[in-house]
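A.B. asks: only geometry, no sequence info:
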């Protein structure tokens, strides 16, 4: 079955770090461009980060310099390293596979990150 | 700053037709923004409905359709069903490098 499963969320104190994982099955992560999208409580979806199949990485201004997207081809897994977390980073984080024409065609169920003291 | 706008909420009767829109505060939405639409039901992974303005994603029934209406992207649901009750988000590719913007979402009620 083609799917994405996110893990690694949890409660973290302000200023802390967390690494999210997104395990892919049914397809090869390295063959696709991938992204992270988040949804804060009561808010809409927000694009966070993107990695091309060729390796180039991009970030929303809100996380630039604090978050790092990467992948491990041997584990078929996408990652999001999050540093310097603040209350504004509290959200459900989804990984998504890039489809054609600048869309996303496959999503995971998400993992909740709560930043609070 | 350009903001992607959607109706906060909408209501439709079972079997009815509803059109949700996706606009920009400063310019018109065109096919150049490659609008796509997603359904988000609590507890489930978001589902891709439409991409590239009007192309249905695999497995999406043809009662979902996308278009450009005037200066906005639009998602039309024809013959609404109870399980269409969900949140719907549009996504625009903003260009200028790699950059996307989601709308605030429309909460659709079927009753």
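C.D. replies: Nice, thanks for sending it over. Predicted model only: the values in this text are computed from it and were never measured.
A.B. asks: following the helix or strand bottoming out on mean pLDDT in chain B, which helix or strand shows up next?
C.D. replies: Using mean pLDDT, DSSP states H and E, strand B:100-102 stands out as the lowest-scoring helix or strand of chain B, at a mean of 93. Moving toward the C-terminus from strand B:100-102, the next helix or strand (DSSP states H and E) is strand B:106-110.
A.B. asks: and the spatially most central residue of chain A, what is it in contact with?
C.D. replies: Taking CA atoms, centre = their mean, the centroid of chain A lies closest to residue A:36, which sits 3.1 Å from it. By CB atoms under 8 Å, 6 or more residues apart in numbering or on different chains, the contact list for residue A:36 reads A:20, A:22, A:48-50, A:67, A:69, A:78, A:80, A:93-96. Where you see a C-beta, it was placed from the backbone N, CA and C, and this is true even at glycine.
A.B. asks: ditto for residue B:4
C.D. replies: Residues near residue B:4 by CB under 8 Å, 6+ apart: B:22-24, B:90, B:92, B:101-104.
A.B. asks: Please enumerate the strands of chain B.
C.D. replies: B:4-6, B:9-12, B:17-24, B:36-40, B:47-51, B:55-56, B:64-69, B:72-78, B:86-93, B:100-102, B:106-110 (DSSP state E).
A.B. asks: same deal with chain A?
C.D. replies: Under the criterion DSSP E, chain A contains strands at A:3-7, A:10-12, A:18-25, A:34-39, A:45-51, A:57-59, A:67-72, A:77-82, A:91-98, A:104-107, A:111-115.
A.B. asks: Counting neighbours, which bits of the first one end up buried?
C.D. replies: Read it as strand A:3-7. A:4-6 (16 or more other CB atoms under 10 Å in any protein chain shown).
A.B. asks: Just give the closest residue to residue 92, not the sequence neighbours.
C.D. replies: Since no chain was named, I'll use chain A. Among residues not flanking residue A:92 along the chain, residue A:110 sits closest, at 4.1 Å (CB to CB, 6 or more residues apart in numbering or on different chains).
A.B. asks: that's the wrong chain, I wanted chain B
C.D. replies: residue B:33 (4.2 Å).
A.B. asks: Tell me how many other residues crowd that neighbour.
C.D. replies: Using other CB atoms under 10 Å in any protein chain shown, residue B:33 has 24 neighbouring residues.
A.B. asks: In contact with the residue nearest to residue B:104 when sequence neighbours are not counted: list those residues for me.
C.D. replies: Once flanking residues are discounted, residue B:104 sits nearest to residue A:44: 4.4 Å by CB to CB, 6+ apart. Applying CB under 8 Å, 6+ apart to residue A:44 gives the contacts B:89, B:102-105.
A.B. asks: Next one: residue A:64 from chain B, what distance?
C.D. replies: Counting by CB to the nearest CB, to the nearest Å, the separation of residue A:64 from chain B is 11 Å.
A.B. asks: what residues does stretch A:95-105 touch?
C.D. replies: So stretch A:95-105 is contacted by A:4, A:6, A:20, A:22, A:24, A:27, A:32-37, A:50, A:78, A:80, A:106-108, B:34, B:36, B:38, B:46, B:48, B:51-52, B:55, B:57, B:91, B:93, B:100 (CB under 8 Å, 6+ apart).
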